[in-house]
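**Q** Here is my input; please provide its structure:
(chains A and B)
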Amino acid sequence: MMRPALTIARYTLLEALRNRLLWLVLLMMAGAVAVSGFLNELALTESRQLQAALLGAVLRFAAVFLVATFVITSMAREANDKGLELLMALPMPRAVYLFGKLAGFGALAVLPALLFGALGLCFAPPEQAALWAFSLLCECWIVAAFSVLCMLTLNQVLPALAASFAFYLLARVIGALQLLGHGAGIVQSGGQQMLNTGIDGLALLLPHLDQFTRSDWLVYHSGSGADLATIAAQTAIYVALMAAAALFDLHRKAI
Amino acid sequence: MPSATPPPDPAATAGAISPAQAASRHAAQRAAPRRVLWAVLFALTLQILWQASRPPVRARARDLPPAPSLATLQLAALGDPVALSKATMLYVQGFDEQAGVSIAWRNLDYVKVALWLQRVLDLDPRSQYPLLAASEVYGAVSDPARARLMLDFVYARFTEDPNRRWPWLAHAALVAKHRLHDLPLARRYAAAIRMQATGPNVPAWARELEIFIAEDMNELDAARALIGGLLQSGQITDPNELKFLAARLDQLNQKH
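**A** Here you go, the predicted model:
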């Protein structure tokens, strides 16, 4: 069963490369370097830190945007071309198809993580740049797994894209929302308490992506092995959850 | 009945375009109806006339908007406050150079500027940039009231992390002495460095700043002593900051 999954993963990756994704990644790198280099010239001090922070933030969003968009449009194209039906007709479990797709998208995310991580080497020691790149890879894997689930559930490009980006934004701000809700120790009304309970509930369901791919690591070199372990564990749990949910949905599909 | 395969076209194999290929290409690029071409030209003319008839764009200075609340900025940071802090600092720093208009620093609302700088520092407390901007850029304004606002800001934020922020209070002490001619204020700042900046990385001369504040030095000598001391201690490594401080020394040299 491993072989068909690997074949699906290989063709998923090939599709990405034939879609000029590598060129797009390189173009984004060049654009981000140019813009951050220009801003670096404007800074009166901390110019390298400023460049590192802005470059890191822009590249992180670029990687997530590319991966999510590719996952959703690729799966939509496959569904429209009846490729999904063809694969489902083959004598293999549906799980093999799903794991093949996830493996392909996961391998694709290695591309921006490696290239963008290599840029991080210009600003931070190798271990910090490696931590940043690994964290970016994990962030992309989580977004890719969520995008697969969205596409299988919603079946339409626009709702799936909107849901993926909403999930990403929410996962990035959920920590701040919790802090704001519980901050200052002021007396809260019943409505506020309910809202806070809702936010806390949501925080239990979402991965806290604000702990991932932090600019601090490139700027102040403050990443540690504990960060690495936390990120790896969270990614493993969340990708497994998304894969299981997507498999559940795939089994319910009448194909 | 099996169809016969046509023999290869010698012209095609030689790289030239056969008449059949030329005909098919011609068929692929049909001419658009003349009315459509007129429609395009008409719309283009209309667009050009519309833009030409509009009044020319005039540069107009905008006021610095009030700084957003910290909560708003924390949400806008999307979990990356350091990057937003740097971007916000560039926004505030570049506000005096708007499209087509240059605003003098003394015309900026310094209460708002101080609040913006505070937000930048709140987002990234390890950053030194807002303190440099307050002491060296905005604090150098000729209006004493505005300069005092900036010095107060530096002093207030110095106490939160004296061992890292003392260089900016040292600059503030010089501004207080030489620009504001407020010796008691300058000595208060220097005394604060002596008493609070007691970490191992703070050079001894910084704690002795009070002495050369009290000495009858001119501004150039004091600035030389301070910048020279900072360079010797290896505190300044950023090339842009070195350039900026060198330009500041040149300005002082020209004045004297």
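**Q** what are the ranges of the helices in chain A?
**A** For chain A, the helices defined by DSSP state H occupy A:2-18, A:21-42, A:47-80, A:83-89, A:94-120, A:126-154, A:157-182, A:190-205, A:215-219, A:225-252.
**Q** One more: chain B?
**A** B:10-13, B:19-28, B:34-53, B:70-76, B:81-93, B:110-123, B:129-132, B:144-158, B:162-178, B:183-196, B:204-207, B:209-214, B:219-232, B:239-255.
**Q** will you turn these into CSV that also has mean pLDDT, mean neighbour count and distance to residue A:50?
**A** Quick note: C-beta positions are derived from backbone N, CA and C, even for glycine. Formatted as CSV, the helices of chain B follow (pLDDT from 0 to 100; neighbours: other Cβ atoms under 10 Å in any protein chain shown; distance: least, Cβ to Cβ, whole Å):
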stretch, mean pLDDT, mean neighbour count, distance to residue A:50
helix B:10-13, 46, 11, 59
helix B:19-28, 62, 10, 52
helix B:34-53, 94, 10, 38
helix B:70-76, 92, 17, 17
helix B:81-93, 93, 23, 4
helix B:110-123, 94, 21, 11
helix B:129-132, 93, 26, 8
helix B:144-158, 92, 20, 19
helix B:162-178, 89, 24, 18
helix B:183-196, 88, 18, 27
helix B:204-207, 77, 16, 26
helix B:209-214, 74, 18, 29
helix B:219-232, 72, 17, 20
helix B:239-255, 75, 14, 9
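**Q** and of these, who's closest to residue A:21?
**A** Nearest to residue A:21 among these is helix B:81-93 (24.9 Å), distances taken as Cβ to Cβ.
**Q** The residue of chain B found nearest chain A - how many residues pack around it?
**A** When scored by Cβ to the nearest Cβ, chain B has residue B:79 as its residue closest to chain A, at 2.6 Å. As a burial measure, residue B:79 scores 25 neighbours (other Cβ atoms under 10 Å in any protein chain shown).
**Q** so what's it up against?
**A** If you count contacts by Cβ atoms under 8 Å, 6 or more residues apart in numbering or on different chains, residue B:79 has them with A:172, A:173, A:175, A:176, A:209, A:210, A:211, A:212, A:214.
**Q** And the first one, how far from residue A:236?
**A** By that I understand residue A:172. 20 Å (Cβ to Cβ, to the nearest Å).
**Q** Looking at those two now, which is surrounded by more residues?
**A** residue A:172 (26 against 12).
**Q** separation between the more buried one and residue A:228?
**A** 19 Å.
**Q** Over to residue A:53?
**A** 20 Å.
**Q** What of residue B:218?
**A** Taking Cβ to Cβ, one finds residue B:218 at 55 Å from residue A:228.
**Q** So those two - more neighbours on which side?
**A** Between residue B:218 and residue A:228, counting by other Cβ under 10 Å, residue A:228 is the more crowded of the two (16 against 12).
**Q** The more buried one touches residue A:130, doesn't it?
**A** No. The criterion here is Cβ atoms under 8 Å, and residue A:228 misses it with residue A:130 at 9.1 Å.
**Q** What parts of the stretch 1-150 of chain B come near chain A?
**A** Taking Cβ under 8 Å from any Cβ of the partner chain as the criterion, the stretch 1-150 of chain B approaches chain A at residues B:71, B:74-75, B:77-80, B:82-87, B:89-90, B:93-94, B:126-129, B:132-133, B:136-137.
**Q** mind listing what residue 109 touches?
**A** Picked chain A for this. Residue A:109 is in contact with A:63, A:67, A:137, A:140, A:141, A:144, counting by Cβ under 8 Å, 6+ apart.
**Q** Oops, wrong one, chain B.
**A** So residue B:109 contacts B:63, B:64 (Cβ under 8 Å, 6+ apart).
**Q** Next: the one 3 residues further on.
**A** Remark: with contacts taken as Cβ under 8 Å, 6+ apart, residue B:112 is in contact with B:64, B:65, B:66, B:67.
**Q** What is the neighbour count of the first one?
**A** Put plainly, it is residue B:64. If we define neighbours as other Cβ under 10 Å, then residue B:64 has 19 of them.
**Q** Now it: closest residue in space that isn't a chain neighbour?
**A** If the residues on either side of it in the chain are set aside, residue B:64 comes closest to residue B:112, at 4.9 Å by Cβ to Cβ, 6 or more residues apart in numbering or on different chains.
**Q** residue contacts, residue B:118?
**A** B:67, B:130, B:153, B:157.
**Q** Recalculate using a threshold of 10 Å.
**A** B:67, B:70, B:130, B:134, B:153, B:156, B:157 (Cβ atoms under 10 Å, 6 or more residues apart in numbering or on different chains).
**Q** Residue A:84 too?
**A** A:75, A:77, A:78, A:97, A:101, A:152, A:250, A:253, A:255.
**Q** check contacts around the nearest residue to the first one once chain neighbours are set aside.
**A** If I follow you right, that is residue A:75. Spatial nearest neighbour of residue A:75, excluding adjacent residues (Cβ to Cβ, 6+ apart): residue A:151 at 4.2 Å. By Cβ under 10 Å, 6+ apart, the contact list for residue A:151 reads A:71-76, A:78-79, A:101, A:157, A:159-161, A:163-164, A:246, A:249.
**Q** What's the PyMOL line that selects buried ones from those?
**A** To isolate in PyMOL the members of the contacts of residue A:151 that are buried, counting by 16 or more other Cβ atoms under 10 Å in any protein chain shown, one can use:
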select buried, chain A and resi 71+72+73+74+75+76+78+79+101+157+160+161+163+164+246+249
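**Q** need the contact list for the closest residue to residue B:139 other than its chain neighbours.
**A** Spatial nearest neighbour of residue B:139, excluding adjacent residues (Cβ to Cβ, 6+ apart): residue B:150 at 4.0 Å. Contacts for residue B:150 (Cβ under 10 Å, 6+ apart) come out as B:105, B:110, B:113-114, B:117, B:131, B:133-141, B:172, B:175.
**Q** who in the stretch 101-250 of chain A is up against chain B?
**A** Residues of the stretch 101-250 of chain A found near chain B (Cβ under 10 Å from any Cβ of the partner chain) are A:168-169, A:171-177, A:179-180, A:183-184, A:208-220, A:222.
**Q** rerun at 8 Å
**A** A:169, A:172-173, A:175-177, A:179-180, A:209-212, A:214-216, A:219-220.
**Q** Are any of the residues you listed buried, and if so which?
**A** A:172-173, A:175-177, A:180, A:209-210, A:212, A:214-216, A:219-220.
**Q** which one of those is nearest chain B?
**A** Using Cβ to the nearest Cβ, these come closest to chain B at residue A:210, 2.6 Å.
**Q** Can you check what pLDDT the model gives the spatially closest residue to that closest one that is not a sequence neighbour?
**A** Distances taken as Cβ to Cβ, 6+ apart place residue B:79 nearest to residue A:210, at 2.6 Å, with adjacent residues excluded. pLDDT for residue B:79: 90.
**Q** shaky segments in chain A?
**A** Residues of chain A meeting the criterion pLDDT under 70: A:1, A:184-187.
**Q** let's see 80
**A** For chain A, the stretches with pLDDT under 80 are A:1, A:183-188, A:254-255.
**Q** Distance-wise, check the most centrally placed residue in it relative to residue A:63.
**A** In chain A, the residue lying closest to the centroid (Cα atoms, centre = their mean) is residue A:140, at 2.5 Å. Taking Cβ to Cβ as the measure, residue A:140 and residue A:63 are separated by 6 Å.
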